[in-house]
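# starting from these lines, generate the structure:
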Amino acid sequence: MDCSKIGKLLLQLRQEKNMTQKEIADAIGVSDKTISKWERGLGCPDVSLLAELSALLGVNIENILQGQLALNDRNQGNLKRMLFYVCPSCGNTMTSSTQADIACCGRKLTSLTAKKEDQNHKIHVEEIEHEYFISIQHEMSKSHFLAFAAYVTCDKMLFIPFYPEQNAEFRVPKFSSGRFYVYCNQHGLWMKDIKKPSRLAKSS
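Numbering: from 1, shown residues only. Next comes the predicted model:
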């Protein structure tokens, strides 16, 4: 471990939290002199304290040991690159506009890979005045169901949660061209691209 790099990171994170060395020390059961020693690179935290430091400073243990944060590439504002993450343990859903380090229930999550709609996950789109009416003919039992849908354009995202035993249908305003996503709890993420409203047939 590079104590100097770890110390600089701990200092940065503490200052971001607006905490004093004593507040950090009291929270994890060491002296403020110990915190000062770490931040000056004269020693490293004991392994037994890393979990508490991680939770307190809001950073992964791996990043503490590396002495640096893993920065994502800056996104240029195009939400069409939206990524979806679903926890296999609790079903919690998260999104990110760029690759991110996301974890839930102790698991590191990977982004879902969207597949083009098929006959079993067909996304029907109908124009009704200034809205799209979306319906998906899909089983909605407690064991096999669609968990959510999303409508993503270059600068907007609408997220629609579904629950077992309800109809998988909804309405959204017409925006520019975009993409609809639906997530099946057994078969993953599916998508359908939408052209500009003027080019969309009355139903599909």
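
# can you show me the strands along this structure?
Assigned by DSSP state E, the chain shows strands spanning 83-86, 93-96, 102-104, 107-109, 115-116, 123-128, 131-136, 146-152, 157-161, 169-173, 178-184, 188-194.

# tell me which of these lies nearest to A51.
strand 102-104 (13.5 Å; C-beta to C-beta). Using the backbone N, CA and C atoms, a C-beta is placed for each residue, glycine as well.

# other SSEs contacting that closest one?
Strand 102-104 sits against strand 93-96, strand 107-109, with contacts defined as 3 or more C-beta pairs under 8 Å, 6 or more residues apart in numbering; DSSP states H and E.

# packed most tightly, which of the ones you listed would that be?
Of all the helices and strands packed on strand 102-104, strand 93-96 has the most neighbours on average by mean count of other C-beta atoms under 10 Å, namely a mean of 16.

# export the helices and strands packed on strand 102-104 to a markdown table and append columns for distance to Y85 and mean pLDDT.
Conversion of these to a markdown table gives the following (distance: least, C-beta to C-beta, whole Å; pLDDT from 0 to 100):
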| stretch | distance to Y85 | mean pLDDT |
| --- | --- | --- |
| strand 93-96 | 4 | 92 |
| strand 107-109 | 4 | 87 |
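
# what would those strands look like in TSV with distance to V152?
Formatted as TSV, those follow (distance: least, C-beta to C-beta, whole Å):
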stretch	distance to V152
strand 93-96	9
strand 107-109	19
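
# L42 is nearest to which of those strands?
Closest approach to L42 among the helices and strands packed on strand 102-104 (C-beta to C-beta): strand 107-109, 32.1 Å.

# in its sheet, what does that closest one sit against?
Under the criterion DSSP bridges, strand 107-109 sits next to strand 102-104 (antiparallel) in its sheet.
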